[in-house]
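> Provided below are the primary sequence and the corresponding predicted coordinates.
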Amino acid sequence: MKTSQIVDEFERSWKFTRSLTLEFAEAIPAEFWHFTFNEKYSPLCKQLRHMIWVTGLYTDALMNGRLDFKKKKTFYSGGLAREEIISALRDSDKVLLRWLSNTKKDEVDLNAVDAFGSSMEFIEFAQLLIEHEGNHHGLWSAYAALAGFSTPKSWKDNWGL
């Protein structure tokens, strides 16, 4: 399979997954932006900030071939206001999508990424990014249920949540 096809498939999956994150961030009622159901779990606003950090971390790993957790919090230093978080989520997407676009255009060989003690090919590593975001979607649906607010229409349409 050509590099461009592999990247296209990941890009489509990522855009869908991230759109669900953005829709959820926009749908959280203001009074629940800082909600958590248990002290062991970060409030929703910090959960979303975590997505910015992780997107930056994984994008950096794709670019450089190594997942370096020491860099995680370097990818966003802004506040927790909804507008800042949503803007930063979109900005982190732009960086990832620009790299993917350049990779497709130039048919660059996809580097393996040194992560979690092993060497992972692009497909395996990129899937972890989608899986991570999806795991948080499940968690956030529990936040919404416990707080008593509705999830976005797309969540109901896609998952019945």
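Alright, I've got the coordinates. Numbers count the residues shown, from 1 in each chain.

> packing partners for the helix or strand bottoming out on mean pLDDT in the chain?
Lowest on mean pLDDT, DSSP states H and E among the helices and strands of the chain sits helix 153-159, with a mean of 88. Contacting helix 153-159 under the criterion 3 or more C-beta pairs under 8 Å, 6 or more residues apart in numbering; DSSP states H and E are the following elements: helix 3-27, helix 122-147. Backbone N, C-alpha and C define where each C-beta goes, glycine included.

> dump those helices into a markdown table; add mean neighbour count and distance to F35 as well.
Output for these, formatted as a markdown table (neighbours: other C-beta atoms under 10 Å; distance: least, C-beta to C-beta, whole Å):
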| stretch | mean neighbour count | distance to F35 |
| --- | --- | --- |
| helix 3-27 | 16 | 13 |
| helix 122-147 | 16 | 5 |
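
> which one of those lies closest to K104?
Each of these has some distance to K104 by C-beta to C-beta; the shortest is helix 3-27, at 4.2 Å.

> quick check: the gap between A81 and S4.
Relative to S4, A81 is positioned 38 Å away (C-beta to C-beta, to the nearest Å).

> again with G78
In terms of C-beta to C-beta, G78 sits 34 Å off from S4.

> same deal with K104?
From K104 over to S4 the distance is 4 Å, taken as C-beta to C-beta.

> for H136, same thing?
H136 is 29 Å from S4, by C-beta to C-beta.

> quick one: low-confidence parts of this protein?
Across the chain, the ranges flagged by pLDDT under 70 are 1, 106-109.

> one more pass at 80, please.
For the chain, applying pLDDT under 80 flags the ranges 1-3, 104-111, 160-161.

> ok, back up a step: can you list the helices and strands packed on helix 153-159 in a markdown table and add distance to V54?
Formatted as a markdown table, the helices and strands packed on helix 153-159 follow (distance: least, C-beta to C-beta, whole Å):
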| stretch | distance to V54 |
| --- | --- |
| helix 3-27 | 11 |
| helix 122-147 | 6 |
